[in-house]
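Enquirer: Attaching a predicted model along with its sequence, questions to come.
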Amino acid sequence: MASTDIARGSLERHGLSDEQLRAIFRNMLLQRQLDNRGFQLNRQGKVPFALGSEGHEALQAGAAMAFDRGKDVLAPYYRDLGLCLGIGLTPYEILLSIFARAADHNGGRQFPNHYSSKAAGLMSFSSILAAHLPHAVGAAYAMKYRGETGRAVLATCGDGTTSEGEWHESMNFAAVHKLPFVMLVENNEWAISTPLAKQMAQPEIWKRAAGYGIPGSRFNGFDPIQTYAAVKEAMDRARSGGGPALIEGTCYRYLAHSTDDNDMTYRTREEVTQRRSQDPVPAFEAVLLEHGIMDAAGIEAMRKDTLRETNEATDAAEAMPYPQPAELYTHVYEGAWQPWQS
Amino acid sequence: MAVVSTTGSTVMNNVEAVRATLYEAMKNDDRTVILGEDVGARGNVFLITKDFIGEFGERRVIDTPIAEASIVGIAVGMAMEGLRPIAEIQFADFIYPSFNQIVGEAAKIRYRSNGEYTCPLVIRTPYGGGVRGALSHSVSIEALFYHVPGLKIVAPAFPADVKGLLNASIDDPDPVLFLEHKKTYRLIKGEVPNGHYTIPLGKANVLKEGSQLTVVSYGLYVHWALEAARSLQDDGVSVEVIDLRSIRPMDKTAILNSVEKTHKLLIVHEDNKFGGIGAEISAMVAEEALFNLDAPIRRLCGPDVPAMGYALPLEEEFMSSPAEMADAMREMVKF
Amino acid sequence: MAKSKPAPLDFVRQGLTDTQLVGILRTMLMQRTLENRGFQLNRQGKIPFASASEGHEGVQAGAAMAFERGKDVLVPYYRDLGLALGIGVTPYEVLLSLFARAADHSAGRQFPHHYASRRLGLHSISSVIAAQLPHAVGAAYALTYRGETGRAVLTTFGDGATSEGEWHEAVNFAAIHRLPVVFLCENNEWAISTPLAKQMGQPDVHLRAEGYGIAGALVNGMDPIACYTVVGEALARARAGGGPTLVEAKCYRFLAHTTDDDDSAYRSREEVAARRRDDPIPCFERLLLEQSILTAEEAAALKRSVLEETNDATDRAEAMAYPAALDLYDRVYAEGWQPWRA
């Protein structure tokens, strides 16, 4: 099948080439593989904890495609496995984090999925919802301060985080100073067990933008191309000095919050099953097939390859050592860790 | 502003020392930005940054919205991204909304990222009472924070120390909480060496040597303790007064050396007694120098009530006077 | 940046009797006189501190008229001298607070203007901005929880407070639970020295209501009858179970923040002088004279009476005793203050 870009019927590509579309799909497959691998390892008793991101694949792969590596900065949250992959983190790095190995970026200190990588422009973050958003705004201020155009900060969060005071304070400051800051909300309708109706009184988060005096919009987060278009538009505006935006991608969280959560205690199997009909991975697979961008054999090969990659990363990471106990005392400060100075 | 003397130093008060130091920092490093409420057009409510915005511009002197959590949080992000922010919390009493950003984020960033991300941040805030500040303009907060690994805390009492420690805090690659006792702002004057210098964190200062009692203090009370100690000299009572200056890290050697000499320890601080700084000092000395002591360690501290009240008798009851400190010193020397 | 202009002052009675209208003017005059008395006493060295509320007389007297004594709850901020007076705090109590006497609501503990009175439904507040808003929402929740219709919570704050995380969290929660609370923003354009343009990305606070899914309203804060009307509608909606409203009353702060502030450092005399044209007291007085609700002689007599009451309150309060020093240790807990148990 030819890989050159030919106008295909009704597929709106927003400038994405076949190669980019395949890369998006690969990211989605890899995200799901790695996501599931975490749960598997937990069930096998090999790791104590894993977080799920099933349902977010299109949103994260599409957003990653709009991210400018080496220039933009990412301030994600702990469900952004696919987004971190998409901006350059490798499966090996992800598994190192899941296994809490010494070679992990964070030396095995952080919870899984709390990646950081200065090289990739991925800011270190904690598990505290919204605490990373003022950091993202500060980073955007630093960019503007140094007169750096062509760069912006992409910050993400879930629907639950938008209730946090620090979400509000961050949006407000970014708006006042017209910062190169894009707030991408991944609205999956659940904050652990809190449904949207208990999180906010009107369910369209993007509508708050007008209150801050900034542009806002909403898009279908199950569609990676629409996601790409929306994120690119907002990031381009931010990079060229046009100020911040609030963009909301709707999706759904198919699994429980984490391996320590049982979602059957707060929602029905029927609801989850019904929403599976929108699952972005098979949906995009169908789009690629329909428009001749990939064929069944190619997809099968890609699946096998992502599985192979996942397996190799798992084996390599698992074989690595834990950090030494003496490591506990490093990086408290630049110098000595003791509070009493001799 | 102040008189330049011929000995290479200038007489100034604590407010002027903060101002002069911040000014030089802004001039010498354009990664330095100041952010906080009313720091720009108003020049800070104590006029510390008066006219800074005119000279350095609103890009570098930022009047923030009223949002303390994000004043610190945004400063954290700036620091992670290569600026050297100096955040101001207008009164220490307003710091509580920023608590997570300070102890959960700033203090842990280096540690959690294995050194890849760091947080070179200074948070300045005026604290302390004696100014009729009542419940929301008088509190001491050091005890809430000194517990936290990854954070540094200093509380200088003299202008020369203000300059040296503020410079050191600004240079420090880790987050520093810089506490300024507001009553000492205009009250305390002293010689401040000209030119740039730093005082290392974790080093106390022996203000007055003595042989019969060690008094450890910081902030406003260091001045009262010194006054009290001097008043006892004519009666032949010899008291050594140590100004901690730095709360985390804290100078162990200075305290232990002094206790080894005097065999008695009195800790004086304005903050509430229970769980205050004095508690840690007492535990450390009991652990490491028990047999040097000829008397139980004593702490003369703020009472364990929520705050000093606005009415003068309530404020006076809360705070300790030089006379009260002198009484405590006399009693301990007699023990 | 376009700013919504409040409607001009025109006379619509809104069911208010002459007595009530004159009562509104009296409250406004009392607010100003007491406030000026605080500044005077400070200049005379008799009290260390006073805060300013000139410019807020219209919104506070109007809102107070809509407040239902014995039913509604007020959770104000420290600039609400007139509102406190309007719901029943006496000039004597205000002076006791300024002089920090033992007979004051807080027994001399609190800063001036931090009143509290369970009898009047006036909550205890601190000086920390927006900290009172979650309290107001919690109080409203309690009312709903106990099935108490016909009661509402009125909570007030300035423009600066709307930047606080806790403002956001409070409004969001009230919206989700459709609580009987009215959020009244007294937008006087200045947060100490921070002008609106540095506080928020767009200047109309009430426009944020839609994002939260609640009702919003704009009113001329210099017009007491308009404020009575709009705040009254919002309170009626709340009492009837119709949920929260965000009301924005545009006014202006004529003086500095407090006796410790010097506003010449950050705004021009010309700006303040120009805004004096909208001074609510002369405007309302003129209206009452034009409508023959008051004669010039009656207005003068009213002012004399207010001054007499202020002088009387000053003398009586000044003559009262400070709290005893040992009062410091009372009411830390229900019993005892020591942290160590014997």
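Expert: Okay, I see it. Numbering: from 1, shown residues only, chains lettered A, B, ... in the order given.
Enquirer: going forward, measure contacts and count neighbours with C-alpha atoms only.
Expert: Fine.
Enquirer: residues in chain C within reach of chain B, list them.
Expert: When proximity is defined by CA under 8 Å from any CA of the partner chain, chain C lies next to chain B at C:48, C:99-101, C:108-111, C:126-129, C:160-165, C:192-194, C:198-200, C:261, C:263, C:265-266, C:322-329, C:332, C:337-339.
Enquirer: From the residues you listed, which land in strands?
Expert: Of the residues of chain C next to chain B, the ones assigned to strands by DSSP state E are residue C:194.
Enquirer: Name all residues that make contact with the closest residue to chain A within the stretch 51-200 of chain B.
Expert: Closest residue of the stretch 51-200 of chain B to chain A, CA to the nearest CA: residue B:77 (3.4 Å). Each residue near residue B:77 by CA atoms under 8 Å, 6 or more residues apart in numbering or on different chains is listed here: A:134, A:135, A:136, A:137, A:138, A:139.
Enquirer: still on that earlier bit, please convert the buried members of the residues of chain C next to chain B into PyMOL selection syntax.
Expert: Buried members of these can be picked out in PyMOL with the line below, counting by 16 or more other CA atoms under 10 Å in any protein chain shown:
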select buried, chain C and resi 48+99+100+101+108+109+110+111+126+127+128+129+160+161+162+163+164+165+192+193+194+198+199+200+261+263+266+322+323+324+325+327+328+329+337
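Enquirer: the helices in the chain, which residues?
Expert: Picking chain A for this. For chain A, applying DSSP state H gives helices covering A:18-43, A:57-66, A:81-86, A:91-99, A:132-145, A:165-176, A:196-199, A:209-212, A:224-239, A:269-276, A:280-290, A:296-318.
Enquirer: That was the other one, I meant chain C.
Expert: C:18-43, C:57-66, C:81-86, C:91-99, C:132-145, C:165-176, C:196-199, C:209-212, C:224-239, C:269-275, C:280-290, C:296-319.
Enquirer: could you dump those helices to TSV with distance to chain A?
Expert: Output for the helices of chain C, formatted as TSV (distance: least, CA to the nearest CA, whole Å):
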stretch	distance to chain A
helix C:18-43	32
helix C:57-66	23
helix C:81-86	28
helix C:91-99	32
helix C:132-145	11
helix C:165-176	3
helix C:196-199	6
helix C:209-212	4
helix C:224-239	16
helix C:269-275	22
helix C:280-290	28
helix C:296-319	41
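Enquirer: of all these, which lies closest to residue A:189?
Expert: Nearest to residue A:189 among the helices of chain C is helix C:165-176 (15.0 Å), distances taken as CA to CA.
Enquirer: Give me the neighbour count for residue 241.
Expert: Going with chain A. Using other CA atoms under 10 Å in any protein chain shown, residue A:241 has 20 neighbouring residues.
Enquirer: hm, I was asking about chain B
Expert: 27.
Enquirer: Kindly report the same for the one 3 residues further on.
Expert: One way to gauge burial is a neighbour count; for residue B:244, by other CA under 10 Å, it gives 27.
Enquirer: ok, which of the contacts of residue B:77 also contact chain B?
Expert: A:134, A:135, A:136, A:137, A:138, A:139.
Enquirer: residues in contact with whichever residue of the stretch 1-150 of chain A sits closest to chain B?
Expert: Nearest residue of the stretch 1-150 of chain A to chain B, counting by CA to the nearest CA: residue A:135, 3.4 Å away. Contact analysis of residue A:135 by CA under 8 Å, 6+ apart lists B:73, B:74, B:75, B:76, B:77, B:78, B:80.
Enquirer: So for the chain, the centremost residue is which one?
Expert: With no chain named, the answer covers chain A. For chain A, the residue nearest the mean C-alpha position is residue A:80 (2.5 Å; CA atoms, centre = their mean).
Enquirer: could you do chain C instead?
Expert: Centre-nearest of chain C using CA atoms, centre = their mean is residue C:80, 2.3 Å out.
Enquirer: Quick check: that one touching residue C:60?
Expert: Yes: between residue C:80 and residue C:60 there is a contact under CA atoms under 8 Å: 7.0 Å.
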